[in-house]
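[1] predicted structure and sequence below. I'll ask about it afterward.
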Amino acid sequence: VQLQASGGGLVQAGGSLTLSCIASGRNFEHYAVGWFRRTPGKEREFVAAISWTGGTKDYIESVKGRFAVSRDNAKDTVYLQMNGLKSEDTGVYYCAAGYTWGVIAKLYEYWGQGSLVTVSS
């Protein structure tokens, strides 16, 4: 499976962006997908994840109520809708896919290139 993340950009604080993770390859609909980010001065951290059915979702506490993860398996795409963006959300966002659901990066076998999100205050 190959993943490509897109949709990043520069946005003012309080604004919104939607990241897309488009997959190519077989059986993407059987993979859980996680979003991770690397922010300045911090290690890579879990942001959100969605099960292969889309029925189970999880978020890091700091984005709950502001971010929403969804998927369209017919389009082999997972989305991360980000609202109410804050300067601390600035970073490179990565999508990852794996058979195992979880918040730990090593659970995911396949990774896309990052998409840069910059939030100006």
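    It's in.

[2] who's in contact with the residue nearest to residue 112 when sequence neighbours are not counted?
    Across the structure, with C-beta to C-beta, 6 or more residues apart in numbering as the measure, the residue nearest residue 112 apart from its sequence neighbours is residue 3 (3.3 Å). Every C-beta, even on glycine, is put in place using the N, C-alpha and C of the backbone. Residue 3 sits next to 21-23, 95-97, 110-112 when contact means C-beta atoms under 8 Å, 6 or more residues apart in numbering.

[3] same deal with residue 117?
    Taking C-beta under 8 Å, 6+ apart as the criterion, residue 117 is in contact with 8-9, 11, 17, 19, 37, 82, 85, 89-93.

[4] strands - which of these land there?
    Judged by DSSP state E, those include 9, 11, 17, 19, 37, 82, 91-93 as members of strands.

[5] buried subset of the residues you listed?
    When those are checked for burial by 16 or more other C-beta atoms under 10 Å, the buried set is 11, 17, 19, 37, 82, 91-93.

[6] which of the ones in strands among the contacts of residue 117 lies closest to residue 103?
    For the ones in strands among the contacts of residue 117, the residue nearest residue 103 by C-beta to C-beta is residue 37; the value is 12.8 Å.
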